[in-house]
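*Asks:* Sequence unavailable; structure follows:
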């Protein structure tokens, strides 16, 4: 039975069992040795006595050797005993150096990591629905925490500098693409509500300012024409203009169609002459050199950041499903491509091995510091629990082998005498 503080199957329990076994073997040798002295003096008894004596000596010698590793046998101040506690610092340094040299070698570690395929294992784990949901929740929680904090002044300055660099670095090809998009946008706008809104505004302006039209007519009229006639002429002019604007607003009128075609031709000519491209280039340079772009971008970013932060705070699972689906999709795509998995495994192994190589001194120093910082009793108990059971078998082997050798020697002496 093991002691009350050792659990079955633990190293401490194994040490107790093997130590009791070794002590029992030694006790058996001692009992046989005593029994043979009380028995007769026949050749067989003397042979057994010699074997027990040699086994007892071998067992005691090995017991002394095993005990000397961890403590002073019988508490005697014998030199070269209690080797582990007395050399704790040196042992700690050697263990740390051994780990650093043989276990954290970058080439060896990279080869073992490639065999372990860490990237493939991680991708397979991410392809599971529960794993993808777990990672998605963690990412969304991290995003929510980041959105609650304001970026530092340095980060804002770097972002602005990067944005200006990107705007300034846009070439003529980019300006041409923007100009073409702007032309299509204007054309689509004139066919939609934009033209109708503009014409409606123009119609209301003309209709609300009839007095201005009357005054213009009166200023250019002859003195002998009556004011009533001038007003009538002004009303006819305004009504004609309003009628013209109504026809322009009509979707299927010939005048409206001609207006749209003329507008399209004007935009095409502006684009062909490069006018729109120059406008885009000038606007881009102006934005890059002014602070208006920074203010606009900052307002847009803050608005969307606040909206996203409030949405995540109200419903944290809002993004969990889509993000988890994206993670699973990416993992499935990676698993379906053997070359991608192999490349990722090699890349991860290379990064981890380099990281371990850079951290070797720190890891070795950490192990050395931990072992050197243990109390001698703690160090002894830990090491003895791990290697003590095997050392107890050394005691058993010493007793058994000693008895066999002692018996053989006794037999040889008997034959030669």
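*Replies:* Received the coordinates, thanks. Computed from a prediction, not measured in an experiment: that's the story for all the values here.

*Asks:* pull the longest helix from the protein.
*Replies:* helix 376-416 (DSSP state H).

*Asks:* any idea of the mean pLDDT in that one?
*Replies:* Per-residue pLDDT values over helix 376-416 give a mean of 88.

*Asks:* quick one: low-confidence ranges for the stretch 201-350 of the chain?
*Replies:* 213-214, 216-231, 234, 248-249, 251-253, 256, 288, 291, 293 (pLDDT under 70).

*Asks:* redo that, cut-off 90
*Replies:* 201-322, 334-350 (pLDDT under 90).

*Asks:* give me the number of residues near residue 17?
*Replies:* 15 (other Cβ atoms under 10 Å). All C-beta atoms are positioned from the backbone trio N, CA, C, and that covers glycine.

*Asks:* ok, so what distance separates it from residue 30?
*Replies:* 20 Å (Cβ to Cβ, to the nearest Å).

*Asks:* now do residue 107
*Replies:* Taking Cβ to Cβ, one finds residue 107 at 55 Å from residue 30.

*Asks:* For the two, indicate the residue with more neighbours.
*Replies:* Set residue 107 next to residue 30 and count neighbours by other Cβ under 10 Å: residue 30 wins out with 16 against 9.

*Asks:* pretty sure that one contacts residue 53?
*Replies:* No - using Cβ atoms under 8 Å, residue 30 is not in contact with residue 53; the gap is 9.6 Å.

*Asks:* which residues do those two both contact?
*Replies:* Counting by Cβ atoms under 8 Å, 6 or more residues apart in numbering, residue 30 and residue 53 have no shared contacts at all.

*Asks:* ok, and residue 149, which helix or strand is that part of?
*Replies:* Using DSSP states H and E, residue 149 maps to neither a helix nor a strand.

*Asks:* Pop out the phi and psi values for it.
*Replies:* phi -110, psi 140 (degrees, to the nearest 10).

*Asks:* Neighbours of it, how many?
*Replies:* Residue 149 has 7 nearby residues by other Cβ under 10 Å.

*Asks:* hey, where'd the helices end up in the stretch 201-350 of the chain?
*Replies:* 210-220, 227-249, 254-272, 275-289, 292-314, 320-336, 338-373 (DSSP state H, counting those that start in this stretch).

*Asks:* Any chance of a markdown table for the ones you listed, columns mean neighbour count and distance to residue 99?
*Replies:* A markdown table is the format used below for those (neighbours: other Cβ atoms under 10 Å; distance: least, Cβ to Cβ, whole Å):
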| stretch | mean neighbour count | distance to residue 99 |
| --- | --- | --- |
| helix 210-220 | 14 | 94 |
| helix 227-249 | 15 | 85 |
| helix 254-272 | 14 | 70 |
| helix 275-289 | 16 | 55 |
| helix 292-314 | 12 | 44 |
| helix 320-336 | 15 | 34 |
| helix 338-373 | 15 | 6 |
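
*Asks:* Residue 34 is nearest to which of those?
*Replies:* helix 338-373 (44.3 Å; Cβ to Cβ).

*Asks:* Could you name the helices and strands sitting against that closest one?
*Replies:* In terms of contacts (3 or more Cβ pairs under 8 Å, 6 or more residues apart in numbering; DSSP states H and E), helix 338-373 is packed against helix 88-98, helix 106-116, helix 118-126, helix 320-336.

*Asks:* which helices and strands does the longest helix of the chain pack with?
*Replies:* helix 11-38, helix 43-70, helix 83-86.

*Asks:* Deepest in the core, which of those helices is it.
*Replies:* Stretch with highest mean neighbour count among those: helix 43-70 (a mean of 19; mean count of other Cβ atoms under 10 Å).

*Asks:* Now do that one: which elements does it pack against?
*Replies:* Using 3+ Cβ pairs under 8 Å, 6+ apart: helix 43-70 touches helix 11-38, helix 83-86, helix 376-416.

*Asks:* between those, which one is nearest to residue 134?
*Replies:* helix 11-38 (34.8 Å).

*Asks:* now that closest one and helix 43-70, what's the angle there?
*Replies:* 150 degrees (axes from the mean of the first three to the mean of the last three Cα atoms, to 10 degrees).

*Asks:* centre of the chain versus helix 11-38, how much separation?
*Replies:* 56 Å (Cα atoms, centre = their mean, to the nearest Å).

*Asks:* what do you get for stretch 341-351?
*Replies:* 15 Å.

*Asks:* which outside residues touch that stretch?
*Replies:* By Cβ under 8 Å, 6+ apart, stretch 341-351 touches 110, 111, 113, 114, 117, 118, 119, 120, 123, 334, 335.

*Asks:* again, 10 Å this time
*Replies:* For stretch 341-351, contacts defined as Cβ atoms under 10 Å, 6 or more residues apart in numbering pick out 106, 109-124, 334-335, 337.

*Asks:* Same check on stretch 115-132?
*Replies:* 113, 134-135, 320-321, 323-335, 338, 340-349, 352.

*Asks:* 6 Å instead?
*Replies:* In this structure, residues lying in contact with stretch 115-132 by Cβ atoms under 6 Å, 6 or more residues apart in numbering are 324, 327, 328, 331, 332, 334, 335, 341, 344, 345, 348.
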